[in-house]
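Enquirer: Quick one: sequence plus predicted model below, questions after.
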Amino acid sequence: MGIRVIIADDHESLRAGFRGILESDDNIEVISEAGNGRDTVKLVSELQPDVVVMDVAMPGINGVDATREITRSAPEVRVLALSGHNDGFFVKGMLEAGARGYLLKDAANSELAAAVQTLSEGRIYVSPTVVDTLTYSFLSTMSELNASREKQQQLLDEIRVKNQELEQQNAELERYTYSVSHDLRAPLVTIKGFIGLLKRDIEGGKDRSIESDIKQISDATDRMARQLDELLELSRVGRLVNPPVEINLSEMAAAVVAMYSGAIAECDVDVKIDATMPIAYGDEGRIFEVLQNLIGNAIKFVDNHRQSRIEVGAEISDGQVLCHVRDNGIGIETEYLERVFNLFERLNPQIEGTGIGLALAKRIVEFHQGKIWAESDGLGQGSTFLFSIPAIE
């Protein structure tokens, strides 16, 4: 018994040509023809052929949908897709629908009968030209998958970094909240205490004590106002951004020193500024705040038992400007070298300050993608504060 075939194509002339090719093989019998997908499905149900030669593009329901219905209702019937399109989209569509072979119409003269024979034996037949297309499509898909995996991995890495940053920010926020709660409460306690003393001194008519009470209350409110102002400034870093410009660090350091000329004269400090510091690049106003804070601290923490010296300089290091403010002041114990940058961290409560300046400097430098740190050999050994910011391109 020969191979029973149904030909499905919407062009009558093509059906006739395919019939002639197939019937030239004594082992193949064309038992019917159909001009659309719906009639093809119906004929398969009625006649149960061995092979259906299926045109991909037909009216009614197309070859993909017709193939899907045939393989679902009659899985023993094998479908050979016949198309003029050597396109990965059509090939993939027909093979996913259940077709066991794919043949180009322009190769039908030489391959159609062999393809039908191959499918009838339970094997798969795909034209060599179509195999090349499938290979290219497969490689393209693999390339897209690899690119997608790399993109997903990149996104995962970015999410991981963001999560780490968020954890650090949450930890910083906890410390920040605790510090604000703790350190802003101190002036309030002072104010409340001296209000009680003021009330008592007024009732007792102690005029001199009244003046002292009022001064203490005034100093406490001023201290709280400074803390609130600096906290507001700290919160703005990273949001209020001035356009980056070239920064002449030598001129900027000289301007900062001029601001402190009175304190420098009073403490008899010898200040030396490197006049050949490299040009940096960044937010000029913010970097001024950093130098102002570091030079101001160096003046504030002088050692009164010797001639005080402050050196300000910078050099290029690893593509960035590394700036330093070095002094021979009271120094810092090693265990506090990192803590000095914490919010409200004051190593010497007897010296005026809010404990926010170095935290603000750290935030500014990190906003410039730089680092800031302190070095000291201990108490009485002086200290050096260093920070890095971008060099001019």
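Expert: That came in fine, so what should we check first?
Enquirer: need the strands for the stretch 101-250 of the chain, in chain order.
Expert: Ranges of strands in the stretch 101-250 of the chain, per DSSP state E, counting those that start in this stretch, are 101-104, 125-126, 245-248.
Enquirer: burial count for Arg286?
Expert: Counted with other CB atoms under 10 Å, the neighbours of Arg286 add up to 24. Every residue, glycine included, has its C-beta placed from N, CA and C.
Enquirer: Could you list the buried residues of the helix or strand hosting it?
Expert: Using DSSP states H and E, the secondary-structure element containing Arg286 is helix 284-300. Judged by neighbour count (16 or more other CB atoms under 10 Å), helix 284-300 contains these buried residues: 284, 286-300.
Enquirer: which residues does Asn328 contact?
Expert: Counting by CB atoms under 8 Å, 6 or more residues apart in numbering, Asn328 touches Asp303, Arg306, Ser308, Arg309, Gly382.
Enquirer: Out of those residues, the closest to Asp268 would be?
Expert: Checking the contacts of Asn328 against Asp268 by CB to CB gives Ser308 as the nearest, at 6.7 Å.
Enquirer: For the contacts of Asn328, which ChimeraX command selects only the ones that are buried?
Expert: Isolation of the buried members of the contacts of Asn328 (16+ other CB under 10 Å) is achieved in ChimeraX through the command below:
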select :303,308,309,382
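Enquirer: Mark which of the contacts of Asn328 are part of strands, please.
Expert: Secondary structure from DSSP state E places Ser308, Arg309 of those in strands.
Enquirer: Would you reformat the contacts of Asn328 as a markdown table and include pLDDT and distance to Lys105?
Expert: What follows is these, written out as a markdown table (pLDDT from 0 to 100; distance: CB to CB, whole Å):
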| residue | pLDDT | distance to Lys105 |
| --- | --- | --- |
| Asp303 | 81 | 96 |
| Arg306 | 82 | 100 |
| Ser308 | 88 | 96 |
| Arg309 | 92 | 93 |
| Gly382 | 90 | 90 |
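Enquirer: All the helices of the stretch 1-150 of the chain, in order from the start?
Expert: All helices of the stretch 1-150 of the chain, identified by DSSP state H, counting those that start in this stretch, fall at 12-23, 37-47, 63-73, 88-97, 108-120, 128-204.
Enquirer: out of these, which comes closest to Val271?
Expert: Counting by CB to CB, Val271 lies closest to helix 128-204 out of these; the figure is 30.9 Å.
Enquirer: any idea of the mean pLDDT for that closest one?
Expert: This predicted structure assigns helix 128-204 an average pLDDT of 69.
Enquirer: Great, nothing more from me.
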